[in-house]
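Visitor: this one's sequence-less:
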């Protein structure tokens, strides 16, 4: 499968995930633009923000993802498409020559930074791109080490949904492959089965290697980068961050 095909499949496979869109729209409205969407992929967050009238710089390191974003923008109102600025770049080290009211890093994207030096560089790059009063907002998984150990190698069911554009039914499942507690690195595999009514099925395996952040590590990284931690919550609805939760959402601004 070509890189372009992979990007199209990525867009389809993640189209159902929209539980955070209202959250990003709310904070973009509160903080004002422009917005920097780091690790934008195919524009799942960037396009809704542009529809709201925000100028969005959408950065991703994969040219095929940005090409798919441009294809999606071509189907939008021209005024919306003109507000999205695709940029090929590295999440860890980027220099766009401008500052932003909101830097958004959605859907666990920071977890791809498995190199400690990259994590430090990423937060420092964000600091250098925040406008006065601007904020970095991101979400990552909250590690559950007991759950990781107990379910290692066991395939667990995920979501099931129908793609409204094609009628395909997509079924997700996943399993953990390995866990390194010293580096907090988790390898896992996502299985996606797709089937049209009465048609042949197909299957894709997506292998991932990610770093799982503890809240304490994030506090230290933000401080070292010259960022002030403003809030930590356990979900997009602002619920308290709890040890038995699944998600952590953080807000930070430039330290005084």
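Guide: Perfect, I can see it now. Model, not experiment: these values are computed from the prediction.
Visitor: Low-confidence bits of the stretch 1-150 of the chain, can you list those?
Guide: The stretch 1-150 of the chain contains residues with pLDDT under 70 at 1-16.
Visitor: ok, which stretches of it are strands?
Guide: 35-38, 56-60, 84-88, 100-105, 130-141 (DSSP state E, counting those that start in this stretch).
Visitor: Turn those into JSON lines, including distance to residue 167 and mean neighbour count.
Guide: Any C-beta I mention is one placed from the backbone N, CA and C, and that applies to glycine too. Output for these, formatted as JSON lines (distance: least, C-beta to C-beta, whole Å; neighbours: other C-beta atoms under 10 Å):
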{"stretch": "strand 35-38", "distance to residue 167": "30", "mean neighbour count": "29"}
{"stretch": "strand 56-60", "distance to residue 167": "28", "mean neighbour count": "25"}
{"stretch": "strand 84-88", "distance to residue 167": "28", "mean neighbour count": "18"}
{"stretch": "strand 100-105", "distance to residue 167": "32", "mean neighbour count": "24"}
{"stretch": "strand 130-141", "distance to residue 167": "31", "mean neighbour count": "20"}
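Visitor: and residue 169, which of these is closest to it?
Guide: Go through those one by one with C-beta to C-beta and the one that ends up closest to residue 169 is strand 130-141, at 26.3 Å.
Visitor: what angle separates that closest one from strand 100-105?
Guide: Compare the direction of strand 130-141 with that of strand 100-105 by axes from the mean of the first three to the mean of the last three C-alpha atoms, to 10 degrees and you get 20 degrees.
Visitor: Note down every partner strand of strand 130-141 and its orientation.
Guide: Neighbouring strands of strand 130-141 in its sheet, by DSSP bridges, are strand 100-105 (parallel), strand 247-254 (antiparallel).
Visitor: Show the average pLDDT along the last one.
Guide: Strand 247-254 shows an average pLDDT of 97 in the prediction.
Visitor: what residues does it touch?
Guide: Strand 247-254 has contacts (C-beta atoms under 8 Å, 6 or more residues apart in numbering) with 23, 127, 130, 132-142, 213, 215, 218, 222, 226-236, 241.
Visitor: gap between it and the chain center?
Guide: Mean C-alpha position of strand 247-254 versus that of the full chain (C-alpha atoms, centre = their mean, to the nearest Å) differs by 14 Å.
Visitor: same thing with the first one?
Guide: Relative to the mean C-alpha coordinate of its chain, strand 100-105 is positioned 13 Å out (C-alpha atoms, centre = their mean).
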